[in-house]
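[1] compute the structure for the input listed below.
(chains A and B)
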Protein chains: 2
Amino acid sequence: MLERFSKKGDDFDIVSEDKLRVVVRDIFQEVGLPFEDAIIATDVLVTADLRGVETHGVSNLLRSYVQRLRDGSTNVRPEWKIVNETATTANIDADRGHGIVICPKAMDIAIEKARSTGVGMVTVGNVRHMGMAAYYPMMALPHDMIGVAMTSSPPTVVPTFASIPRFGTNPIAVAAPAGDQPDFVFDAATSVIPDNRVHIARRLGIDLLPGWLADDAGNPIMKPIPAPPFMEHKLLPLGSTRSMGSHKGYGLAAIVDILSAILTLSGPGLARSRGTFAHYVAAYQVEAFVEVDRFKNLMDEFLSTLKGTPTAPGHERVLFPGQLEWETYQIRKKQGIPLHKEVINWFSDICQELGIDNTL
Amino acid sequence: MLERFSKKGDDFDIVSEDKLRVVVRDIFQEVGLPFEDAIIATDVLVTADLRGVETHGVSNLLRSYVQRLRDGSTNVRPEWKIVNETATTANIDADRGHGIVICPKAMDIAIEKARSTGVGMVTVGNVRHMGMAAYYPMMALPHDMIGVAMTSSPPTVVPTFASIPRFGTNPIAVAAPAGDQPDFVFDAATSVIPDNRVHIARRLGIDLLPGWLADDAGNPIMKPIPAPPFMEHKLLPLGSTRSMGSHKGYGLAAIVDILSAILTLSGPGLARSRGTFAHYVAAYQVEAFVEVDRFKNLMDEFLSTLKGTPTAPGHERVLFPGQLEWETYQIRKKQGIPLHKEVINWFSDICQELGIDNTL
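    The predicted structure follows:
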């Protein structure tokens, strides 16, 4: 949201989606990903940009992704394998492969299992970052399925009453198909804010808001403060303080760790080294429970009632999860994707370095 | 929590668990439940009391349960049936039966499906209250399974930017088996607080805390206020304000409505009449993913690390979800269950009215 509103005029160029896809794919391929994997990885990143989720698009993630693919900390040609499997479940060892390459395959497996049995559930360990979590549940939508994704990330979040971080921002994403309305797409960190919000505030020199961070001793900071000038910070769980329910955000973060990191034996975020992740994706077939058309009709009524809810003073409208991203997607699909000039310059540099045609 | 600390001396009697079970069972049977169902329903209520979850025990729920069983709004002999079924899923029409009777059967079905396929998922529509949501995921634990429950309740929660309620407190409960540590048991409303917290504050004449309620116009109230003197109130979603993530609590509430109420075609909470619910329960077999012993060892490490986390100033210890309830359970299993004298009197009255031996 912050990014959406800070995107002012001259600093941005509008880039065609197709051209962006070609360059990103070429970069991925040049640093070692097989062609098909480069296309898959590109789709995860560019879909985030199309939806206005810049934190998980090319501007913010591609650099570090490329760096880790080049320095070998992410395996470009992983021999990933299913280490355990049932009719409904699979547990994948990704062989240090990239999440944005392996997780789409994991979600495909979940969808196939859901198609034959009703539910599919796949965990992925020994793996890198999954990008925008919403990507995976959204893969379930064209199949008339409900999709779920969770990911265990390195600790920056302080449990209720604690003084040191024990959890990553551990997001949960859920998507459910609607009929005429935009699909329901929820994707949120179980912390109050994602780490990125702190980095952006630091870059823009703006204050962090009350309820976002804990101080050094672990006390929730309930007034505006400047972003700390260093990389370390202590995020609060969703709920911010005990009386406002921080134990719930904390508990949700723990659930994410259990379903992804412990259910793959990767170990929870607090026990893993930085840069390591563990993921969980699932698909539930709507038809296994009820008629798809009737489900979608009810979803449409539900979502349009939410949109039509009378607003509190000073607010223009009530939104439902995924609505704003859907609206952004419609615009960017037609008009292209705004990229900061600094990002455009990075593309020029990396293309030159890798000997790739920069068609942006 | 509030209740646990307000339980002072003379107003309470300690009642034996066994005697309480007999009386509650007899009452349920006398108002029409079959013997087996009376035992099941009793276990759901008394388990809540043993765990110190008074809001969902006999004191707070039995009266209204009995009233609705007697006046016919809850069906004492429901002809519940599975309206849709696959190897992994079932959708149950409960024929207006009680949630605390039907949901244990639904969870049994989920567990059996998980045993044969890896995952079981059961939705329940046309049904009454499920009691303490944690009861159902906890049923999965002895089977070395992870359990999940959700329930869609009548609207008292105001979405972000909205002025009127659209969601119930829609709790989510998840349990996962540990080895030597107490099991992980999370059970929380997706609102900042449950409705009951408002009723209790009103009864005790204490203030509500900042971030709990919206005012009439829908604005979050961020200072302490007396509990409103009427039954109507507008709860805020977990996160309280947009900047602290209320859109996340709102989104989680919507997910609960989708998985329980829309996936049974009951219609979301906002479209249903008062006293109607819809439930979702699920079980995931740990062994389908990884070796059970290794999972439990990791759970033990995880939970003991959380417990051992250095505290913020003024706090004695860091708790994990379910720990306090487990400790309470150990004590009450030995010493009995404290009941307010007013509740003991109610038991006398109802036993006399129904012609039951009051052995409390």
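
[2] assign residue A:96 to helix, strand or coil.
    Using DSSP: H, G, I helix; E, B strand; the rest coil, the structure places residue A:96 in strand.

[3] in space, what's closest to it - neighbours in sequence excluded?
    Excluding its sequence neighbours, the residue lying closest to residue A:96 (C-beta to C-beta, 6 or more residues apart in numbering or on different chains) is residue A:75, at 4.0 Å. For glycine as for every other residue, the C-beta is placed from the backbone atoms N, C-alpha and C.

[4] what do you get for residue A:95?
    Closest to residue A:95 by C-beta to C-beta, 6+ apart is residue A:78, at 3.8 Å.

[5] follow-up on the earlier one: tell me which residues touch the residue nearest to residue A:96, please.
    Going by C-beta atoms under 8 Å, 6 or more residues apart in numbering or on different chains, residue A:75 touches A:95-98.

[6] wait, isn't the residue nearest to residue A:95 in contact with residue A:99?
    No. The pair residue A:78 / residue A:99 is not scored as a contact, 10.9 Å apart, by C-beta atoms under 8 Å.

[7] same drill for these two, tell me which one is more crowded.
    Ranked by neighbour count (other C-beta atoms under 10 Å in any protein chain shown), residue A:78 and residue A:99 place residue A:99 first, with 25 against 19.

[8] residues in contact with the nearest residue to that one once chain neighbours are set aside?
    Sequence neighbours aside, residue A:130 is the residue nearest to residue A:99 in space, at 3.5 Å (criterion: C-beta to C-beta, 6+ apart). If a contact means C-beta under 8 Å, 6+ apart, then residue A:130 has A:99-100, A:103, A:136, A:149, A:151, A:277, A:279 as its contacts.

[9] from those, keep the buried residues only.
    A:99-100, A:103, A:136, A:149, A:151, A:277, A:279 (16 or more other C-beta atoms under 10 Å in any protein chain shown).

[10] export these to TSV and tack on pLDDT and secondary structure?
    Converted to TSV, those look like this (pLDDT from 0 to 100; DSSP: H, G, I helix; E, B strand; the rest coil):
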residue	pLDDT	secondary structure
A:99	98	helix
A:100	98	helix
A:103	98	helix
A:136	98	helix
A:149	98	strand
A:151	98	strand
A:277	96	strand
A:279	98	strand
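
[11] got JSON lines for those, with distance to residue A:356 too?
    Shown next, in JSON lines, are the buried ones among the contacts of residue A:130 (distance: C-beta to C-beta, whole Å):
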{"residue": "A:99", "distance to residue A:356": "24"}
{"residue": "A:100", "distance to residue A:356": "19"}
{"residue": "A:103", "distance to residue A:356": "25"}
{"residue": "A:136", "distance to residue A:356": "28"}
{"residue": "A:149", "distance to residue A:356": "31"}
{"residue": "A:151", "distance to residue A:356": "30"}
{"residue": "A:277", "distance to residue A:356": "28"}
{"residue": "A:279", "distance to residue A:356": "30"}
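
[12] which one of those residues is nearest residue B:215?
    The closest of the buried ones among the contacts of residue A:130 to residue B:215 turns out to be residue A:149 (C-beta to C-beta; 36.3 Å).

[13] residue contacts, the closest residue to that closest one other than its chain neighbours?
    Sequence neighbours aside, residue A:136 is the residue nearest to residue A:149 in space, at 4.0 Å (criterion: C-beta to C-beta, 6+ apart). The contact partners of residue A:136, taken as C-beta under 8 Å, 6+ apart, are A:103-104, A:106-107, A:130, A:147, A:149, A:173, A:281.

[14] among the residues you listed, name the ones in helices.
    Among the contacts of residue A:136, the ones falling in helices (DSSP state H) are A:103-104, A:106-107.

[15] highest neighbour count among the residues you listed?
    Within these, residue A:103 tops the neighbour count with 32 neighbours, counted by other C-beta under 10 Å.

[16] so which bits of the stretch 1-150 of chain A are right by chain B?
    Applying C-beta under 8 Å from any C-beta of the partner chain, one finds that the stretch 1-150 of chain A approaches chain B through A:84, A:86-89, A:91, A:117-119, A:121, A:123, A:146.

[17] which of these sit farthest apart?
    The largest separation in these, counting by C-beta to C-beta, is between A:84 and A:146 at 23.6 Å.

[18] which one of those two is surrounded by more residues?
    Using other C-beta under 10 Å, the more surrounded residue of residue A:84 and residue A:146 is residue A:146, with 27 against 17.

[19] pull up the gap between the more buried one and residue A:74, please.
    For residue A:146, the distance to residue A:74 equals 30 Å [C-beta to C-beta, to the nearest Å].

[20] ok, residue A:51 next?
    In terms of C-beta to C-beta, residue A:51 sits 24 Å off from residue A:74.

[21] now swap in residue A:66 and tell me
    On the measure of C-beta to C-beta, residue A:66 and residue A:74 end up 10 Å apart.

[22] among the two, which residue is more densely surrounded?
    Counted by other C-beta under 10 Å, residue A:66 and residue A:74 do not tie: residue A:74 has more neighbours, with 27 against 19.

[23] and the more buried one, what pLDDT?
    Note for residue A:74: predicted pLDDT of 97.

[24] so it sits right up against residue A:97, yeah?
    Yes. The pair residue A:74 / residue A:97 is scored as a contact, 7.2 Å apart, by C-beta under 8 Å.

[25] got any residues that touch both of these two?
    residue A:128.

[26] for the residue of chain A positioned farthest from its centre, which non-adjacent residue is spatially closest?
    The centre of chain A is farthest from one residue, residue A:313, which by C-alpha atoms, centre = their mean lies 31.6 Å away. Distances taken as C-beta to C-beta, 6+ apart place residue B:217 nearest to residue A:313, at 5.4 Å, with adjacent residues excluded.

[27] does the one you found sit in a helix, a strand or a coil?
    Here residue B:217 is recorded as coil under three-state DSSP.

[28] now do residue A:13
    Residue A:13 is classified as strand under three-state DSSP.

[29] please, where are all the helices along the stretch 1-150 of chain A?
    Here the stretch 1-150 of chain A has its helices, by DSSP state H, counting those that start in this stretch, at A:2-6, A:17-30, A:35-50, A:63-70, A:99-117, A:135-140.

[30] can you list the buried residues in stretch A:53-70?
    Buried residues in stretch A:53-70 (16+ other C-beta under 10 Å): A:53-62, A:65-66, A:68-69.

[31] where in chain A is pLDDT low?
    Along chain A, the model assigns pLDDT under 70 to residues A:1-9, A:230-231.

[32] any idea how far the residue nearest to the spatial centre of chain A is from chain B?
    By C-alpha atoms, centre = their mean, chain A has its centre lying nearest to residue A:132, at 2.4 Å. Between residue A:132 and chain B the computed distance is 15 Å (C-beta to the nearest C-beta, to the nearest Å).

[33] wait, residue A:278 sits on residue A:154?
    No. Using C-beta under 8 Å, residue A:278 makes no contact with residue A:154, being 10.9 Å away.

[34] which residues do those two both contact?
    When C-beta under 8 Å, 6+ apart defines a contact, the residues bordering residue A:278 and residue A:154 alike are residue A:272.

[35] with neighbour numbers in mind, choose between the two.
    With neighbours defined as other C-beta under 10 Å, residue A:278 and residue A:154 compare such that residue A:278 has more, 31 against 17.

[36] what is that one paired to in the beta sheet?
    For residue A:278, the beta-bridge assignment (DSSP bridges) gives partners residue A:152.

[37] what residues are up against it?
    Counting by C-beta under 8 Å, 6+ apart, residue A:278 touches A:123-125, A:127, A:151-152, A:260-261, A:264, A:266, A:272.

[38] now the residues you listed in a markdown table, with distance to residue B:347?
    Formatted as a markdown table, the contacts of residue A:278 follow (distance: C-beta to C-beta, whole Å):
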| residue | distance to residue B:347 |
| --- | --- |
| A:123 | 48 |
| A:124 | 53 |
| A:125 | 52 |
| A:127 | 56 |
| A:151 | 49 |
| A:152 | 47 |
| A:260 | 46 |
| A:261 | 47 |
| A:264 | 49 |
| A:266 | 51 |
| A:272 | 52 |
